[in-house]
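*Asks:* quick one, structure for this:
(one chain, ligands or ions: 2)
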Amino acid sequence: MTYLLVVSNLFCNHKCTYCIQQESSLDVRMNPDKVDVDILLKFLGRNRIAHSVKLMGGESTMHPDFEKMMDGLLDIYPKVVLTTNLNGKWYRKFPETLEKMKRWKRKVKWNTTFHPAWMEADVYIERVRTMKEAGLWLDQVAATDTPQLTPEIADKLHNADIGWKLQIFTGRNEAGELMPRTWDDVRTQYPLLYYPSKYIDHYEDYQQECEDANYSDSMYRAEWVSCTTSYFLIGPDNLIYPCHRHLYAQDRRYASGSLEDVEMSNFKFKWSKLFGRWTMPCDTKCNPCDFRSVKLKPMGKPAHPPARLPAFSQPGPPRVQGRNHSPNT
Ligand code: SF4
Ligand code: SF4
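*Replies:* Ligands and ions are numbered 1, 2, ... in the order given. Modelled structure (predicted):
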C-alpha cells in the first residue's frame with residue numbers, strides 16, 4: 001500500500017540519546033531545512049498520491065507554518081496522521097492549543113510518543129486525557145522501551161489508564177549501535193515489525209542489508225539491488241525520496257524529484273500511479289524501518305568500486321551526512 005509521508009523538518013525540541021538523528025539533524029542549527037508549505041500544498045493538490053497523508057519530523061509542530069500546513073493538508077485529504085511528542089512550544093499554552101486541535105476534529109489521527117528525559121509523565125498524561133475527553137482521535141499513546149523509561153514511570157503511565165503502550169525500541173542503543181542488530185534479533189524481538197523473507201530475496205546476512213547503514217564508511221552494499229518501494233516520502237528540502245534511509249541522510253542521488261516539478265515530468269525515477277510504487281537500482285544499505293514497504297532483489301552486479309548515480313540536480317548547499325531516523329519520535 002502506498003505510504004505518503006511528509007517529513008516537514010528534522011529539527012526537534014528533544015535530543016533523545018537513542019534517536020538515530022543524534023549527530024546530524026536534531027539541532028536546527030545543523031539542519032534548518034523546513035518544507036515550503038505553499039509548494040507542498042500545490043504539489044499534493046495536483047498529485048494526491050494516496051488516500052491519506054502522514055506528517056512527522058523531527059517535531060512537526062516546530063515548523064513555523066505548522067498550522068497552515070495542517071489546514072492545507074486537511075483541505076486535500078480526509079485524514080492526516082500526525083506523529084508528535086506532544087511537547088514543545090506549540091503545546092505550551094495547552095488550553096489554547098486544544099481549541100486549535102478541536103478545529104481539526106477527528107480528521108487528525110494523533111500518534112503520540114512520550115520521551116521521559118524531556119517531559120514530566122504527569123504533563124503527558126494530563127494532555128492525553130484532555131485530548132481524549134475533547135473527543136480527539138488518539139491512536140498511539142506510547143513510550144519507547146529505553147533505559148530512560150524507569151519502572152516507576154512505566155507504572156505511572158500504565159496506571160493512568162490512558163491506553164498507554166510500550167513501543168519496541170528501534171533506535172540506537174547505549175553503545176551507539178542501530179537496533180535491531182541481527183536477523184536473530186528481528187526474529188526474537190521484532191517479529192511483528194519485520195518479516196525479512198517477505199521483503200528480501202536473500203536475507204541471511206543482516207549486515208549486508210542495513211547494519212550501520214547510516215555511517216558513511218559502511219553504508220554501501222557489495223552488490224546493487226533492484227528495490228521496489230511504495231514509499232513516497234517528502235523531505236524538508238522539498239525533495240521526494242523513495243525511503244527513510246535516503247531522506248534522513250538527504251542523499252540527493254536517490255531523490256526522485258522536486259516538489260516544484262508539479263507535473264513530475266523531470267523525475268529521475270518513475271512513480272507508477274497504477275501500482276503506487278517506484279523501482280530503482282540501489283547500492284546502499286537500508287534503514288531497518290524501510291523493510292516494511294520495500295522489496296529487494298539482487299542484481300548480481302558488484303557495487304564496489306561503486307558506480308554512482310548522478311545526483312538529482314537541484315542547486316543547494318551540501319548536506320551533512322546524516323544518520324537515519326527511527327520511527328520512535
Ligand atoms: S534498497 Fe534500501 S536504501 Fe536503497 S532505495 Fe531501497 S529501501 Fe532505500
Ligand atoms: S526520538 Fe523523536 S522526540 Fe526524540 S529527539 Fe528524536 S525526533 Fe525528537
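
*Asks:* got the contact list for the closest residue to ligand 2 within the stretch 101-250 of the chain?
*Replies:* Scanning the stretch 101-250 of the chain for the residue nearest ligand 2 gives His115, at 5.1 Å (criterion: C-beta to the nearest ligand atom). In short, each C-beta sits where N, CA and C put it, glycine included. Counting by C-beta atoms under 8 Å, 6 or more residues apart in numbering, His115 touches His14, Cys16, Asn85, Asn87, Ala143, Thr144, Gln148.

*Asks:* filter these down to the buried ones.
*Replies:* His14, Cys16, Asn85, Asn87, Ala143, Thr144 (16 or more other C-beta atoms under 10 Å).

*Asks:* ligand 1: which of those is nearest?
*Replies:* Nearest to ligand 1 among the buried ones among the contacts of His115, with distances taken as C-beta to the nearest ligand atom, is Thr144, at 22.5 Å.

*Asks:* thinking again about what came up before, which of the contacts of His115 fall in helices?
*Replies:* Among the contacts of His115, no member falls in helices (criterion: DSSP state H).

*Asks:* can you redo these as TSV with distance to Lys54 and pLDDT?
*Replies:* Conversion of the contacts of His115 to TSV gives the following (distance: C-beta to C-beta, whole Å; pLDDT from 0 to 100):
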residue	distance to Lys54	pLDDT
His14	19	90
Cys16	20	87
Asn85	15	97
Asn87	19	96
Ala143	20	93
Thr144	18	85
Gln148	26	89
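
*Asks:* which among these are in contact with ligand 2?
*Replies:* His14, Cys16, Asn85 (C-beta under 6 Å from any ligand atom).

*Asks:* tell me which of the contacts of His115 fall in strands.
*Replies:* Counting by DSSP state E, these place Ala143, Thr144 in strands.

*Asks:* tabulate the contacts of His115 (CSV), appending distance to Met280.
*Replies:* Listed next are those as CSV, based on distance: C-beta to C-beta, whole Å:
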residue, distance to Met280
His14, 33
Cys16, 32
Asn85, 33
Asn87, 37
Ala143, 36
Thr144, 31
Gln148, 38
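
*Asks:* can you get me a residue count around the residue nearest to Leu5 when sequence neighbours are not counted?
*Replies:* Nearest residue to Leu5 in three dimensions, chain neighbours excluded: Lys54, at 4.5 Å (C-beta to C-beta, 6 or more residues apart in numbering). Burial of Lys54 is recorded as 19 neighbouring residues (other C-beta atoms under 10 Å).

*Asks:* is ligand 2 contacted by the host helix or strand of Lys54?
*Replies:* Element membership of Lys54, judged by DSSP states H and E, is strand 53-56. No. Judged by C-beta under 6 Å from any ligand atom, strand 53-56 stays clear of ligand 2, getting no closer than 8.3 Å.

*Asks:* kindly report the residues of this structure close to ligand 1.
*Replies:* Close to ligand 1, as judged by C-beta under 6 Å from any ligand atom, the chain has residues 225, 227, 229, 242-243, 245-246, 254, 282, 284, 286, 290, 294, 296.

*Asks:* who's in contact with Val53?
*Replies:* Counted by C-beta under 8 Å, 6+ apart, Val53 has contacts Leu4, Leu5, Val6, Leu44, Leu73, Ile76, Tyr77, Lys79, Val80, Val81.

*Asks:* what bridges to it?
*Replies:* Val80 (DSSP bridges).

*Asks:* spit out the contact partners of Trp271.
*Replies:* Applying C-beta under 8 Å, 6+ apart, the residues near Trp271 are Ile49, Phe232, Ser256, Met264, Arg277, Trp278.

*Asks:* including distance to Lys100, neighbour count and pLDDT, could these go into CSV?
*Replies:* Below are the contacts of Trp271 laid out as CSV (distance: C-beta to C-beta, whole Å; neighbours: other C-beta atoms under 10 Å; pLDDT from 0 to 100):
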residue, distance to Lys100, neighbour count, pLDDT
Ile49, 26, 17, 97
Phe232, 28, 23, 97
Ser256, 34, 21, 96
Met264, 33, 17, 96
Arg277, 35, 22, 95
Trp278, 36, 24, 95
